[in-house]
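Novice: with the sequence up front, the predicted model follows.
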Amino acid sequence: MSDKTCNSFVPDFGVMLLLGVLMDVVAKTAGVPVEAVRLLLTILAGYPVAAVYLKYIAVSCSKNVQHLFFAGCGAGLCYFNYGSDTYHSLVGILTTYFLVLTLRRQTTIFLTINFVFHMSYLLLGYFFTASNEYDILWTMPHCILVLRMIGFGFDVTDGLKPEDALSKEQKETALKEPPSLLELLAFAYFPSGFLVGPQFPCRRYLDFIDGKFRNIEGSADAGLQRFGAGFIYLMVCQFGLSYLPDSYFLTPEFAEVAFVKRIYLLGFWAKFSLYKYISCWLLTEGALIYIGLTYKGLDQERRPDWSGCSNVKLYLLETGNTMEHYVQSFNVNTNHWVGQYVYKRLKFLNNRTISYGAALGFLAVWHGYHSGYYVTFLMEYMVVTTEKQIASFYTKVVLPRWGHILNESDLYRVLYFFALKSYNIVFMGWCLTAFVFLKYERWIVVYKAVNFYGFALLFLWAVFYNVYRNFVASAKPRGSRSPAGAEKQQEKQEAAAVESQSKEKKAD
């Protein structure tokens, strides 16, 4: 196939504009926000884009035409959603490209300017466009682009370092030579990755174009399975939120419901709200699997592993019992990005607590100005820390004294299971409230309606734990181990358990 023929597959912007007008009509007729319709159609467009690429372009066309195809499709879909506001992403991409050309070898200056520019541009965008709702505006894909360009900057500078100075992770993402402008545009606008993620390094994209993930059997079937999972989650989300809409929790009627029912309703609502994000990620991941970008090698059973761009661990998400399990299974790629490019880059501080706090702070700022984001990530830190303390206390204090009785009781096992599941549901509602309602005057209404139970329980535990640690445990002989002293050992046990669960997730 000639390059001229290949170029015919690059979408016409006039056609995209016409489709945008048609979507306005469809949205008004159906009574749904046009932005949501366009978002869903853009995500689903990844499947026909993948089909066209695999059938007509992957083998027959040159690399430049492949880059042009992805850059054109992605930019066209971006214009379909945001019209002239597409220029914001172009500004970001071009700025990073020219910074690489001029300042790449002045590592500190380059990384600082690249980071400050992208974060400042994003925050200014939030400032001029923010409202009380979670807006589907140009800032949504731009926050994805910001991480992509910042990570790209680190990968380019890592390519200047000697191999022995790089970690295993950095060796896999470092770029020895900076890509061309066309390559960078294609990477940034990759159709099934620019809108809602997931994050993946430029090196993966270039390896994909080089054919390293090509001719692997099973990508179509695996992609359609992920699509099916995404469709089911989307239907459950729509069904659940039709009965428990966000607005209900701001009404006096909700505050008058019995307390136990209130906190369970809030928990189930949080689950349904979470499924909104999960469905989008699964649908996007299905298209990425279909096209072959997510190939990670062979698993232990010598089958293709397509989890290279997975943003959610379904098995752990649905079987986990703690907030830490949610953190480990939700928005996986973004968390991995923050771990690689923020948390680990702060290793020179030699303080994990400060690095972890800085990583959470970065995530909150990256999301925007709304107070709800900061409350949510503060809750994450407080709840996960409390869970570790409780697990340590249970393992080191409760089980040694009463374990021989509890472990023999079938009734206790049943009660233990239901207690964990109830905690999982109830505290998910508390933790997600501020994230969804965003502004103080909204999320505080919901917190008041449930009597601030999350803060109350966290405060009571903190008082109990510190009293026990400082007055009871400290009075024990030196040979005995307090819960605080056992936390590191407990963390190792929990990590082993999570790793075991992660292996089981292959059933997804």
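Specialist: Structure's in. What do you need? Only a predicted model underlies this, so the values are computations on that prediction, with no experimental measurement involved. Numbering: from 1, shown residues only.
Novice: all helices for the stretch 401-508 of the chain, in order.
Specialist: Remark: helices assigned in the stretch 401-508 of the chain by DSSP state H, counting those that start in this stretch are 410-437, 440-449, 453-467, 487-504.
Novice: looking at those helices, which is nearest to residue 153?
Specialist: Of all the helices of the stretch 401-508 of the chain, helix 410-437 sits nearest to residue 153, with 28.3 Å by CB to CB. All C-beta atoms are positioned from the backbone trio N, CA, C, and that covers glycine.
Novice: okay, buried residues for that closest one please.
Specialist: Residues of helix 410-437 classed as buried: 423-437 (neighbour count, 16 or more other CB atoms under 10 Å).
Novice: mind listing what's buried in the helix or strand hosting residue 80?
Specialist: Per DSSP states H and E: residue 80 is located in helix 63-82. For helix 63-82, the buried set under the neighbour-count rule, 16+ other CB under 10 Å, comprises 65-82.
Novice: check the offset of the helix or strand following that helix from the chain's centre.
Specialist: Where DSSP H and E defines the elements, the next helix or strand beyond helix 63-82 is helix 87-103. Averaging C-alpha positions (CA atoms, centre = their mean, to the nearest Å) puts helix 87-103 25 Å from its chain's average.
Novice: show me the contacts for residue 218.
Specialist: Taking CB atoms under 8 Å, 6 or more residues apart in numbering, we find residue 218 in contact with 303-304, 306.
Novice: now which of these would you call buried?
Specialist: 304, 306.
Novice: what ranges does the stretch 201-350 of the chain have for its helices?
Specialist: According to DSSP H, counting those that start in this stretch, the helices that the stretch 201-350 of the chain contains are 202-209, 219-243, 252-255, 259-291, 314-319, 323-329, 332-338.
Novice: TSV for those helices, including mean pLDDT and mean neighbour count?
Specialist: Output for the helices of the stretch 201-350 of the chain, formatted as TSV (pLDDT from 0 to 100; neighbours: other CB atoms under 10 Å):
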stretch	mean pLDDT	mean neighbour count
helix 202-209	95	20
helix 219-243	93	17
helix 252-255	94	13
helix 259-291	95	22
helix 314-319	90	16
helix 323-329	88	20
helix 332-338	91	19
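Novice: those helices: which one's closest to residue 462?
Specialist: It is, among the helices of the stretch 201-350 of the chain and with distance given as CB to CB, helix 323-329, at 15.9 Å.
Novice: and residue 381, helix, strand or coil?
Specialist: For residue 381, the assignment made with DSSP: H, G, I helix; E, B strand; the rest coil gives helix.
Novice: isn't it right up against residue 360?
Specialist: Yes - with contacts counted by CB atoms under 8 Å, residue 381 reaches residue 360, the gap being 5.8 Å.
Novice: between those two, which is the more surrounded one?
Specialist: Taking other CB atoms under 10 Å, residue 381 and residue 360 do not tie; residue 360 has more neighbours (19 against 14).
Novice: need the pLDDT of the more buried one.
Specialist: Looking at residue 360, its pLDDT reads 86.
Novice: name the SS class of it, please.
Specialist: Under the three-state scheme (three-state DSSP), residue 360 adopts helix.
Novice: what about the closest residue to it other than its chain neighbours, how many residues nearby?
Specialist: Nearest residue to residue 360, sequence neighbours excluded (CB to CB, 6 or more residues apart in numbering): residue 377, at 4.6 Å. The number of residues packed near residue 377 is 22, by other CB under 10 Å.
Novice: how much space is there between residue 335 and residue 120?
Specialist: 23 Å (CB to CB, to the nearest Å).
Novice: quick one: which of the contacts of residue 218 is nearest to residue 352?
Specialist: residue 306 (32.3 Å).
Novice: for the closest one, what are its contacts?
Specialist: 218-219, 222-223, 289, 294-296.
Novice: farthest-separated two in those?
Specialist: For these, and using CB to CB, no pair is farther apart than 223 and 296, which are 14.2 Å apart.
Novice: apart from its neighbours in sequence, what residue is nearest residue 272?
Specialist: Using CB to CB, 6+ apart, the nearest residue to residue 272 is residue 240, at 3.2 Å.
Novice: test my guess that the one you found contacts residue 274.
Specialist: No - with contacts counted by CB under 8 Å, residue 240 stays clear of residue 274, the gap being 10.2 Å.
Novice: low pLDDT regions in the stretch 51-200 of the chain?
Specialist: Across the stretch 51-200 of the chain, the ranges flagged by pLDDT under 70 are 132.
Novice: one more pass at 80, please.
Specialist: For the stretch 51-200 of the chain, the stretches with pLDDT under 80 are 130-135.
Novice: all helices of it, in order?
Specialist: Along the stretch 51-200 of the chain, the segments classed as helices by DSSP H, counting those that start in this stretch run 63-82, 87-103, 107-129, 139-158, 168-173, 181-188.
Novice: export these to a markdown table and tack on distance to residue 40?
Specialist: Listed next are these as a markdown table, based on distance: least, CB to CB, whole Å:
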| stretch | distance to residue 40 |
| --- | --- |
| helix 63-82 | 11 |
| helix 87-103 | 20 |
| helix 107-129 | 21 |
| helix 139-158 | 13 |
| helix 168-173 | 31 |
| helix 181-188 | 22 |
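Novice: so which of those gets nearest residue 211?
Specialist: With CB to CB as the yardstick, what comes closest out of the helices of the stretch 51-200 of the chain is helix 63-82 (9.5 Å).
Novice: now the closest one, how far from the chain's geometric center?
Specialist: Its chain's C-alpha centre and that of helix 63-82 lie 23 Å apart, by CA atoms, centre = their mean.
Novice: for the residue lying closest to residue 317 once chain neighbours are set aside, what are its contacts?
Specialist: In space, and not counting its chain neighbours, residue 317 is closest to residue 329: 4.0 Å by CB to CB, 6+ apart. For residue 329, the contact set (CB under 8 Å, 6+ apart) comprises 312-314, 316-317, 320.
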